[in-house]
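> have a look at this prediction, sequence included:
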Amino acid sequence: MIISLISQKGGVGKSALARLLAVEYIRAGWTVKIADLDTMQGTSTKWKARRDRAGITPEVPVEKFATVERAIREAERFDLLLLDGPAHAEQGGRSMAKASDLILIPSCYGLDDLEAQVEAAYELEEGGINRDRIWFVFSRVTGSPAEDEAAREYLERAKINVFEPVLPELPSIRQGHNGGKAASEISFPVIRERAIALALAIATQARSVKEAA
């Protein structure tokens, strides 16, 4: 299985979601690899180095790749390949999406993020990607229930799929990432459970799309 994380915006939580999914799928017994396609920033690669230095288990394989094509070759060796794409993914984003069973597009609540990400989703659809495979995730979000509701209404009008669980922007999650952990590995049970609920929702949808293919 291949899950891609695609964005036209930086700082919306692609790598945070990749870490979360990698850890939870590995805990479920899958072999998983994160393909870090952001060769400039290498966010997932740097997180992996911090994780290794801290001796945190399970081990999460991460590797940088200069091209989508090279990354996709790794899919045969793992149960799940997570394509952590660069910001401003254009042609590379389409290549990632075409190879993927599920496409995740993270966004915050603001229109600066939503408008750019919806445009990216539409471009994927125009490129032949089935809408059922494209899902928004509210990630690194701060704000009130009213903001959440307004953002969901915006996506509903745009006819975009979105998961109900969210990944909040919290000091405890940032500190966990700084120490090489995923959001589901931090010490606060309520926050940890919220992260696991999101991972489960994504895994359920990925399985559904795979079975329908």
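Cool, the structure landed.
> biggest strand in this structure by residues?
strand 134-141 (DSSP state E).
> starting at the chain centroid, how far to that strand?
From the chain centre to the centre of strand 134-141 is a distance of 8 Å (C-alpha atoms, centre = their mean, to the nearest Å).
> mind giving me the packing neighbours of that strand?
In terms of contacts (3 or more C-beta pairs under 8 Å, 6 or more residues apart in numbering; DSSP states H and E), strand 134-141 is packed against helix 14-27, strand 102-107, helix 111-126, helix 145-157, strand 161-162, strand 167-168, helix 189-212. Where C-beta positions appear, they are placed from N, C-alpha and C, glycine not excepted.
> how far away from the center of its chain is the fifth one?
Centroid displacement of strand 161-162 relative to its chain, using C-alpha atoms, centre = their mean, is 14 Å.
> just checking: what are the partner strands of that strand?
Strand 161-162 has its sheet partners listed here by DSSP bridges as strand 134-141 (parallel).
> any idea how far Ala16 is from Val137?
According to C-beta to C-beta, to the nearest Å, Val137 and Ala16 sit 10 Å apart.
> between these two, which contacts overlap?
With contacts defined as C-beta atoms under 8 Å, 6 or more residues apart in numbering, the residues shared by Val137 and Ala16 are Leu167.
> Arg77: how many residues sit nearby?
For Arg77, the tally of surrounding residues (other C-beta atoms under 10 Å) stands at 10.
> mind checking pLDDT for Ala89?
On the pLDDT scale, Ala89 is placed at 60.
> lowest-confidence helix or strand of this structure?
Taking mean pLDDT, DSSP states H and E as the measure, the chain has helix 91-99 as its least confident helix or strand, at a mean of 82.
> and the angle for it with strand 134-141?
120 degrees (axes from the mean of the first three to the mean of the last three C-alpha atoms, to 10 degrees).
> what helices or strands is helix 91-99 leaning on?
Using 3+ C-beta pairs under 8 Å, 6+ apart: helix 91-99 touches strand 2-5, helix 68-72, helix 111-126.
> and those as CSV, adding distance to Lys98, mean pLDDT and mean neighbour count?
As requested, the helices and strands packed on helix 91-99 are exported to CSV (distance: least, C-beta to C-beta, whole Å; pLDDT from 0 to 100; neighbours: other C-beta atoms under 10 Å):
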stretch, distance to Lys98, mean pLDDT, mean neighbour count
strand 2-5, 9, 96, 28
helix 68-72, 9, 94, 19
helix 111-126, 9, 93, 18
